[in-house]
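# build me a structure from this.
(4 chains)
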Protein chains: 2
Amino acid sequence: MNPSKKPTPRNRTVVDMDAIAKKLGVSKTTVHYALSRKGRVSEAVRSQILTVASEMGYRPNLLARSLRTKRTQTIGVILSSLSSSFHAHLLEALDHAAQHNGYNIFLACSYRDADKERELFDMMLSKGVDGIIAAPTSNEQHQAVYTQLGGDGVPIVFVDRDVPESHIDCVSVDNFVGGKLAAEHLLEAGRRRLGFVTMTHRGHQSSTVTERLNGFNYALQSAGLPPATVWGTNVLNQSTGEAVGYEVMSSALKSGDVPFDAVFATNDNLAYGAMRAIREAHLRIPQDIAVVGFDDQDASAFVEPPLTTIRQPVQSVGVAAVELLLRHLKAEPGSNRADPERLKIEPTLVRRGSS
Amino acid sequence: MNPSKKPTPRNRTVVDMDAIAKKLGVSKTTVHYALSRKGRVSEAVRSQILTVASEMGYRPNLLARSLRTKRTQTIGVILSSLSSSFHAHLLEALDHAAQHNGYNIFLACSYRDADKERELFDMMLSKGVDGIIAAPTSNEQHQAVYTQLGGDGVPIVFVDRDVPESHIDCVSVDNFVGGKLAAEHLLEAGRRRLGFVTMTHRGHQSSTVTERLNGFNYALQSAGLPPATVWGTNVLNQSTGEAVGYEVMSSALKSGDVPFDAVFATNDNLAYGAMRAIREAHLRIPQDIAVVGFDDQDASAFVEPPLTTIRQPVQSVGVAAVELLLRHLKAEPGSNRADPERLKIEPTLVRRGSS
DNA sequence: ATCGTCAAGTTAACCGATTAACCACGAGCT
DNA sequence: AGCTCGTGGTTAATCGGTTAACTTGACGAT
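Here you go, the predicted model:
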């Protein structure tokens, strides 16, 4: 505002506890005790220190504190993507829960690259996070993660994807049940020729998708039907789910005779794309083809027709993950590591117009 | 896997540089020089140190390093929301650009709370981030932020929202142009009775919305038309844009006679909701009411009808913000702070079926 | 008068990596 | 022999906050 008056006097010297101590003629320790209201400091001295500290604009150096106390009040979060609706909501839930408990988030995205993911684990441990919440990208590297956990006593919690072979706690949605719910719903509505729309990343199908498919087929089998036909494609670049769903469904419909009367997409984005392809083929939803998605994104109740979908309780997953991690942080000293805790949260079916 | 064999021998003692030094009978300094390939170390000793380090599973303590070097290779990111599509994509772009340049992200969400935002700035500075990228929530606190910048020489870059009164660099989308594009497009299509759909948070309208409205009205005025009617509502809780758009449009249409032949929504989510309300009122899009959104979210090309919208080049914003910040980090020593750099990135109109 | 106790501070040693400054030794030169 | 210089190291201080252990003086009890 006022360019003639510098915002702060060229204060090149750092305001640390020594600066405050010197100014008041006391020792650094006393300043520390006053600021942390812990040790024995007279009320008079304490209040002086407090005022001087705020006058000088003292700001504690958390790096120094953490170096000594071995606590950073920071939790590392590693996700395979940040832009998807699911991950975005998950991240917000994690941040919210963390902040609520006095922690902050150190974030990194692995972009579904298992090597990068491993690097990120190392990086986070080096930076001193108190714990890590990660959505593991692939299963191949569980061994390494497992070792890391044992190695430094930094608790880890997996979210979204489980790694059954590891000894690491996990909070995830019950994807098998989700797939089963979708199939049961479609069967109930009289559909018999069911398709499954999905995608793989660099040749890798995520375990969540596999579980959804297993649950889906389990329900079909229980009804005496053969497994669903899987329509999918592999993507390398970062194409959107919508585009993939559209492509996959378009080519499935191009064959001439419509091979199914219902499709289950492994996420809502794929479903949006599939729905457009169905419309463009002049077929009606749900009369000709029913569509069920997975996620229940905000938009799903508003597309045309409103999308029937399996709701993932993202919020709950995030909160549960943070709470689980925090429990470990409090228990701490080489605690008697019982069997890993595997929290499975139930998804629910949301019936709408598309089925 | 093999429970009888511990993953790592109960290695309670930390593996630090001293441990390596002792094991080889050299000094800590030599270890450091070997590891950082900087000082004078013979090839023989260096390779020994390297192997021993990896054998012992040495992992540098970056807290200690940062305390000494005053660099954390970390940039703080403060956003007002994490779950919205725009913020999610922005965050991914920031993370990607940061990682690409050897930095990592310390994340915190302000939840549109200016007080919390200020706390977060403090927290990040305390934790020693090298710079901060923030989407400022409100304009009231620019003064404080300005002071902080001058105070500790930690560079700050604003994204998304500008704070014209501050002396802080900013990368944002040109929202005025965005609004103008939307209006010009609708006028060109022969629409004359234009509505503007928006929402406020806890009574506060974000400056981006104001700019979009200004640009919109500017175009109307240039065409000799009166300003657009603004249809909006205030939200306190975290209701979705879709729900708000639906509510607002429903009540606008309830009046009986349709007061407009086109609406411009300040984001695509609002547009999705508005479109549903229009459909439910048995009006046709675009024949009866044309709809234009803002963002160009992934889903927008796939909803029915495909949504005409103003595309925000989120990717570019993120990359530009990181690069701008990095330039400051490299320039550093109390550099001659010229006028703040204000990068405005042009949005583009994406014509689709809804208009 | 003496000892114990306690409040109020102080000293100094960390935490682990970095870095300026210094040292020892051998080769090369005059 | 004496001097310089370069190589390959070492020592010790430092970053800023924390914490165990110690000091000092006052006061009460014995």
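# need the strands for chain A, in chain order.
Assigned strands in chain A, in chain order: A:74-79, A:104-109, A:131-134, A:156-159, A:169-173, A:194-201, A:229-235, A:262-265, A:290-295, A:308-311, A:342-345, A:348-350 (criterion: DSSP state E).
# let me see the contact set for the residue nearest to the spatial centre of chain A.
Central residue of chain A (C-alpha atoms, centre = their mean): A:L90, 4.4 Å from the mean position. Neighbour list for A:L90: A:L79, A:A135, A:V159, A:D160, A:V314, A:V317, A:G318 [criterion: C-beta atoms under 8 Å, 6 or more residues apart in numbering or on different chains]. Bear in mind the C-beta positions are built from the backbone N, C-alpha and C, glycine included.
# and those, which is closest to DNA strand D?
A:G318 (29.0 Å; C-beta to the nearest atom of the strand).
# A:E280 - how many residues pack around it?
12 (other C-beta atoms under 10 Å in any protein chain shown).
# with A:R284 instead?
Neighbours of A:R284 under the rule other C-beta under 10 Å: 10.
# please apply the same query to A:S255.
The burial count for A:S255: 8, using other C-beta under 10 Å.
# from DNA strand C, how far off is it?
Using C-beta to the nearest atom of the strand, to the nearest Å, we find A:S255 at a distance of 61 Å from DNA strand C.
# now A:I105
For A:I105 relative to DNA strand C (C-beta to the nearest atom of the strand), the value is 23 Å.
# so what's that residue up against?
A:T74, A:I75, A:G76, A:V77, A:L94, A:D95, A:A98, B:F106, B:L107, B:A108.
# helices or strands up against the biggest helix by length in chain A?
Assignment by DSSP state H gives helix A:314-331 as the longest helix of chain A. Using 3 or more C-beta pairs under 8 Å, 6 or more residues apart in numbering or on different chains; DSSP states H and E, the elements in contact with helix A:314-331 are helix A:85-100, strand A:131-134, strand A:156-159, strand A:169-173, strand A:342-345.
# ok, the third one near chain B or not?
No: when contact is scored as C-beta under 8 Å from any C-beta of the partner chain, no part of strand A:156-159 falls within range of chain B; the minimum is 13.0 Å.
# now stretch A:53-65: buried residues?
A:A53, A:Y58, A:R59, A:P60, A:N61, A:L62, A:L63, A:A64, A:R65 (16 or more other C-beta atoms under 10 Å in any protein chain shown).
# do that stretch and chain B meet?
Yes: residues of stretch A:53-65 contacting chain B under C-beta under 8 Å from any C-beta: A:G57, A:R59, A:P60, A:N61, A:L62, A:L63, A:A64.
# A:V263: which of these is nearest?
A:L62 (51.4 Å; C-beta to C-beta).
# residue contacts, the closest one?
Per C-beta under 8 Å, 6+ apart, neighbours of A:L62: A:T72, B:S126, B:K127, B:G128.
# what's the per-residue pLDDT of the first one here?
As summarised for this prediction, A:T72 has a pLDDT of 98.
# try the third one
In the predicted model, B:K127 carries a pLDDT score of 97.
# burial measure for it, as a count.
Counted with other C-beta under 10 Å, B:K127 comes out at 23.
# could you find the closest non-adjacent residue to it?
In space, B:K127 comes closest to A:L62 once its chain neighbours are excluded; the distance is 4.8 Å by C-beta to C-beta, 6 or more residues apart in numbering or on different chains.
# what residues does chain A have near DNA strand D?
Chain A has residues A:14, A:16-18, A:28-29, A:32-33, A:35-36, A:38-39, A:58, A:60-61, A:64-65, A:67-69 near DNA strand D, with proximity defined as C-beta under 7 Å from any atom of the strand.
# ChimeraX command to pick out the buried ones of these?
Buried residues within the residues of chain A next to DNA strand D, by 16+ other C-beta under 10 Å, are selected in ChimeraX with:
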select /A:16,17,32,33,35,58,60,61,64,65,67
